[in-house]
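In: Sequence and predicted structure below; questions after.
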Amino acid sequence: MLNLATAQRATFAAGCFWGVEAAFREIEGVLKTTVGYTGGHTPNPTYERVCSHTTGHAEAVEVWFDPDAVTYEHLLQTFWRIHNPTTRDRQGWDIGSQYRSAIFFHDAGQETIALASRDVEQRSLRKPIVTEITPAGVFYEAEEYHQRYFEKQGRAACARTIRTETRQSI
């Protein structure tokens with residue numbers, strides 16, 4: 001059960017939200033994940049509108065976690081590992097601003113930690129990181145059929161293969 005008194009929230013965009021959600025759900029200490037849309041200018045976006053490139057929103061995952069069981073730093077390590085942070089508006093075959101790499105921080109502490117983790121990650125890469133690190137805004141929950149998509153469909157997570165396939169070139 002999600003205890004909002006002690007749980008913390010983190011929000012990430014790293015390509016197709018189906019694979020991103022699947023990766024975070026595997027982490028012990030993650031209490032809840034929700035896929036949705038954030039970072040744009042259109043209220044109450046739908047999947048179709050987000051895919052039309054007119055809303056400014058990214059496909060994102062809101063992660064509620066127990067900070068006594070998993071740290072925000074650990075979540076960031078997962079974020080960097082599951083996608084290519086050096087490609088603008090693209091992850092693998094998915095192209096468009098809704099697939100951009102972004103960390104949406106919820107407080108000044110998360111901002112500081114996210115910026116430091118980006119700097120550490122950059123040292124291991126040849127290409128510059130293009131990940132946005134920006135304040136979290138309104139998070140719009142995606143349609144129900146997108147929630148826990150891979151659990152419902154029984155398919156492998158798309159985002160997990162992107163980083164390992166491209167690691168040598170970034």
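Out: In hand now; what should we look at?
In: For this protein, give me the ranges with low pLDDT.
Out: Counting by pLDDT under 70, the chain shows low-confidence ranges at 1-4, 154-170.
In: show me where it has strands.
Out: With strands called from DSSP state E, the chain shows them at 8-14, 30-38, 58-65, 90-91, 94-95, 101-105, 132-135, 140-141.
In: So which elements touch the helix ranked longest in the chain?
Out: Using DSSP state H to define each element, the chain has its longest helix at helix 108-122. Counting contacts by 3 or more Cβ pairs under 8 Å, 6 or more residues apart in numbering; DSSP states H and E, helix 108-122 is packed against helix 72-81, strand 101-105, strand 132-135. For glycine as for every other residue, the C-beta is placed from the backbone atoms N, C-alpha and C.
In: Mind checking those for the one nearest to residue 143?
Out: strand 101-105 (20.1 Å; Cβ to Cβ).
In: Give the pairing partners of the closest one; include direction for each.
Out: strand 8-14 (antiparallel), strand 132-135 (parallel) (DSSP bridges).
In: by how many degrees do it and strand 58-65 diverge?
Out: 50 degrees (axes from the mean of the first three to the mean of the last three Cα atoms, to 10 degrees).
In: Now do strand 101-105: everything it contacts.
Out: Residues outside strand 101-105 that contact it (Cβ atoms under 8 Å, 6 or more residues apart in numbering): 11-15, 38-39, 58, 60, 76, 79, 83-85, 87, 91, 111, 114, 118, 129-137.
In: Show me which of those are buried.
Out: The neighbour count (16 or more other Cβ atoms under 10 Å) marks 11-15, 38-39, 58, 60, 76, 79, 83-85, 87, 91, 111, 114, 118, 129, 131, 133, 136 as buried among these.
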